[in-house]
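Q: Build the 3D model from these lines:
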Amino acid sequence: MDHLLHLDRTLDELDPPHWAPPASDTTGLVRKVHELRRVPLGELGPADVRTLVSQHVALPYVLPLAVRLLLEEPLLDAYFYEGDLLLAVVNVPASAWDLFPGIGTRLRTVIAALPEAVVAGLPRGAAEELARFVARPASLR
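A: Purely as a prediction, here's the structure:
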């Protein structure tokens, strides 16, 4: 998780180009993502990380943060419901994991160890999404 060495820096610094301010008529989500790019990585909370991951913003920097949280608490309720960060993470493009084969493997191990009853309590379709991530072919890991 080498990208975690930059916790004192922002995504605008680490992931050029610097984003211009959003237009005045943009959605709240777009404004939020723009704001989060100016926050040092170490100050991002779970909800912030979930927002960035779900929007596929600067994944080389945000994905390790998300996995670090998930290794400690796999079903973390980041913002909406228990497991929301986990489901956002397993749904990033497979290519995003190419930089992080080690943390992808660690996350797969954690997911595989989740009790069936716990997974069944997640939103509809979550069990399938988790199983798909765990079973992803090695070439896509």
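Q: Is residue 80 in a helix, a strand, or coil?
A: Three-state call for residue 80 (DSSP: H, G, I helix; E, B strand; the rest coil): coil.
Q: how much space is there between it and residue 129?
A: Distance, residue 80 to residue 129, by C-beta to C-beta, to the nearest Å: 15 Å. Bear in mind the C-beta positions are built from the backbone N, C-alpha and C, glycine included.
Q: who has more neighbours, these two?
A: Using other C-beta atoms under 10 Å as the criterion, residue 80 and residue 129 rank with residue 129 on top: 17 against 14.
Q: What are the contacting residues of the longest helix along the chain?
A: Counting by DSSP state H, the longest helix found in the chain is helix 59-72. Around helix 59-72, the neighbours that count as contacts under C-beta atoms under 8 Å, 6 or more residues apart in numbering are 1-4, 6, 11, 14-15, 41, 44, 46, 49-50, 52-53, 76, 78, 85-86, 88-89, 92, 96-97, 99-100, 103, 106-107, 110.
Q: got the buried residues for it?
A: Neighbour-count burial for helix 59-72, with 16 or more other C-beta atoms under 10 Å as criterion, is recorded at 59, 61, 62, 63, 64, 65, 66, 67, 69, 70.
Q: Please apply the same query to stretch 120-130.
A: For stretch 120-130, a neighbour-count test (16+ other C-beta under 10 Å) marks 122, 126, 129, 130 as buried.
Q: so the last one makes contact with residue 114?
A: Yes - under the contact definition of C-beta atoms under 8 Å, residue 130 touches residue 114, with a separation of 7.5 Å.
Q: which neighbours do these two share?
A: With contacts defined as C-beta under 8 Å, 6+ apart, no residue is shared by residue 130 and residue 114.
Q: now the buried residues of helix 59-72 as TSV including pLDDT?
A: Listed next are those as TSV, based on pLDDT from 0 to 100:
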residue	pLDDT
59	96
61	95
62	96
63	96
64	95
65	96
66	97
67	97
69	97
70	98
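Q: So of the residues you listed, which two are at opposite extremes in space?
A: Largest separation among the buried residues of helix 59-72 by C-beta to C-beta: 61 and 70, giving 15.9 Å.
Q: Alright, I will stop here.
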